[in-house]
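S.K.: Using only what follows, build the 3D model:
(one chain, ligands or ions: 1)
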Amino acid sequence: METLLVTGGAGFIGANFVLQAVADGLRVVNLDKLTYAGNLDTLASLEGSDRHVFVQGDIGDRALVAQLLAEHRPQAIVNFAAESHVDRSIDGPAAFVETNVVGTLGLLECTRDYWRGLEGDARDGFRFLHVSTDEVYGSLGAEGKFTETTPYAPNSPYSASKAASDHLVRAFHHTYGLPTLTTNCSNNYGPYQFPEKLIPLVIQKALAGEPLPVYGDGLNVRDWLYVGDHCSAIRRVLEGGRVGETYNVGGNAERENLTVVKTICALLDARRPLADGRPRESLITFVKDRPGHDRRYAIDAGKLQRELGWSPTQTFESGMAHTVDWYLTHQPWVQRVLDGSYRMERLGS
Ligand code: NAD
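M.R.: Modelled structure (predicted):
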């Protein structure tokens, strides 16, 4: 049975990935620091599974990482662990450098030393996959899309720290020969996303009939990808990607933020109308723009399609409908995040 070391596997994308991998018969050692973004509730269905080992810890803790590698002998590492919220990076960039840059460096050094000790097929087949973002490429005008050769031009402390980690991964391949892969993906949405991010935040506020905050004029454009499709892309790259390469991952679903919010309003109005019959679009409230807010991201995922035959299974419309339905049927999960009780068990209170 193949063993993966997954970092950040209690966060939004990492947990979706872990659930999928374990369901597919892989064994996962899940290293997560359990910051505010880590949520063991999401992994509750894996309790008692002999294919999932959870370890609370920091990717920058070299002794711990070395011990986990020696003990579990993984065939691959998938690095999701990161500070991931742009607004938080504006308020406090240091934590982003600490985990995304210094932490990734520690993980890379331990991985290199472990990989050097492998022999034969184990060494040839080993992979380190680093999960990154399209935000490293900066902002686009009205035309064009990011490709794997677009120069890096990060604009937020978050994207700058992710860009630095991507460069370290690249350098570890070129300098030490470490068999790395990097994926740069557009905005994800779907089940288990922390309700500080646009889509779950708007769903919760719209359900409650509260004002729906939209930055600036609402016309910033993002490409949206359903999280399950991101996870399948990562698996595809892990299995067939060319060592040392980067692969862009996208949903071919560019939407203005305002359109995203209006889509949620329409889906909720159809499923659970407000008691006073008001259309939820009337709750939209424009708020002061985020400093340095990138105008447009769009991603060309053609390389992944051509080389590895991957394309998303969900359209924006089907993925959003599925996501809204998931939040409607998983309110206890959301409420435990909102009232903080999702953190209590692990604090022993
Ligand atoms: P998230 O914030 O939901 O989860 C991050 C996880 O990492 C949490 O469980 C947290 O506890 C853990 N973590 C943080 N610091 C750690 C450390 N020092 N050691 C170990 N664990 C630590 O993030 P996400 O949205 O799931 O994103 C996962 C990865 O995908 C990130 O690297 C992010 O940059 C990248 N990404 C995210 C998106 C998106 O739209 N969310 C898009 C493209 C790429």
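
S.K.: Would you mind listing what in this protein touches the ligand?
M.R.: 7-8, 10-14, 31-35, 37-38, 58-60, 80-84, 99, 103, 131-133, 162, 185, 187-188, 194 (C-beta under 6 Å from any ligand atom). For glycine as for every other residue, the C-beta is placed from the backbone atoms N, C-alpha and C.

S.K.: So which residues of the stretch 51-200 of the chain form helices?
M.R.: With helices called from DSSP state H, counting those that start in this stretch, the stretch 51-200 of the chain shows them at 62-72, 86-91, 94-96, 104-116, 120-125, 157-176, 198-208.

S.K.: Please pull up the helix or strand immediately following the last one.
M.R.: The one in question is helix 198-208. strand 212-215 (DSSP states H and E).

S.K.: Send me that next one as CSV with only the CA atoms.
M.R.: Extracted in CSV, the C-alpha atoms of strand 212-215 (Å, rounded to 0.1, in the frame of the first residue of the first chain):
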residue,chain,number,x,y,z
LEU,A,212,-23.0,40.7,1.9
PRO,A,213,-19.7,42.6,1.8
VAL,A,214,-18.1,42.9,-1.7
TYR,A,215,-14.7,44.6,-2.0
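
S.K.: Helix, strand or coil: sort out the closest residue to the ligand within the stretch 201-349 of the chain for me.
M.R.: For the stretch 201-349 of the chain, the residue closest to the ligand is H230, as judged by C-beta to the nearest ligand atom, at 7.2 Å. Here H230 is helix, with the state taken from DSSP: H, G, I helix; E, B strand; the rest coil.

S.K.: Kindly reformat the helices of the stretch 51-200 of the chain as CSV and extend each row with mean pLDDT, distance to W333 and mean neighbour count.
M.R.: Shown next, in CSV, are the helices of the stretch 51-200 of the chain (pLDDT from 0 to 100; distance: least, C-beta to C-beta, whole Å; neighbours: other C-beta atoms under 10 Å):
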stretch, mean pLDDT, distance to W333, mean neighbour count
helix 62-72, 98, 28, 16
helix 86-91, 94, 21, 16
helix 94-96, 97, 25, 17
helix 104-116, 98, 29, 20
helix 120-125, 97, 37, 10
helix 157-176, 98, 25, 20
helix 198-208, 97, 10, 20
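
S.K.: So which of these is nearest L238?
M.R.: helix 120-125 (10.7 Å; C-beta to C-beta).

S.K.: Only the C-alpha atoms, please, for that closest one, written as CSV.
M.R.: C-alpha atoms of helix 120-125 as CSV (Å, rounded to 0.1, in the frame of the first residue of the first chain):
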residue,chain,number,x,y,z
GLY,A,120,16.7,1.7,-6.4
ASP,A,121,13.0,2.0,-7.3
ALA,A,122,12.2,3.7,-4.0
ARG,A,123,14.6,6.5,-4.9
ASP,A,124,13.5,6.7,-8.6
GLY,A,125,9.8,6.8,-7.8
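
S.K.: which non-adjacent residue is nearest H174?
M.R.: G244 (7.5 Å; C-beta to C-beta, 6 or more residues apart in numbering).

S.K.: and the angle from the helix or strand that contains E317 to helix 198-208?
M.R.: In the assignment (DSSP H and E), E317 maps to helix 316-329. Here helix 316-329 runs at an angle of 50 degrees relative to helix 198-208 (axes from the mean of the first three to the mean of the last three C-alpha atoms, to 10 degrees).

S.K.: Which of the residues in helix 316-329 are classified as buried?
M.R.: Along helix 316-329, these residues count as buried under the neighbour rule (16 or more other C-beta atoms under 10 Å): 316, 319-321, 323-324, 326-327.

S.K.: from those, which is closest to V214?
M.R.: Distances from V214 to the buried residues of helix 316-329, taken as C-beta to C-beta, are shortest for M320 (16.4 Å).

S.K.: Between the helices of the stretch 51-200 of the chain, which one is closest to S139.
M.R.: Using C-beta to C-beta, these put helix 157-176 closest to S139, at 10.0 Å.

S.K.: for the protein, what helix or strand is lowest in average pLDDT?
M.R.: helix 344-347 (a mean of 64; mean pLDDT, DSSP states H and E).

S.K.: Can you name the residue of this structure nearest to the ligand?
M.R.: G11 (1.9 Å).

S.K.: Isn't that residue up against S84?
M.R.: Yes: counting by C-beta atoms under 8 Å, S84 is a contact partner of G11 at 7.2 Å.

S.K.: Find the residues that touch each one of those two.
M.R.: A37 (C-beta atoms under 8 Å, 6 or more residues apart in numbering).
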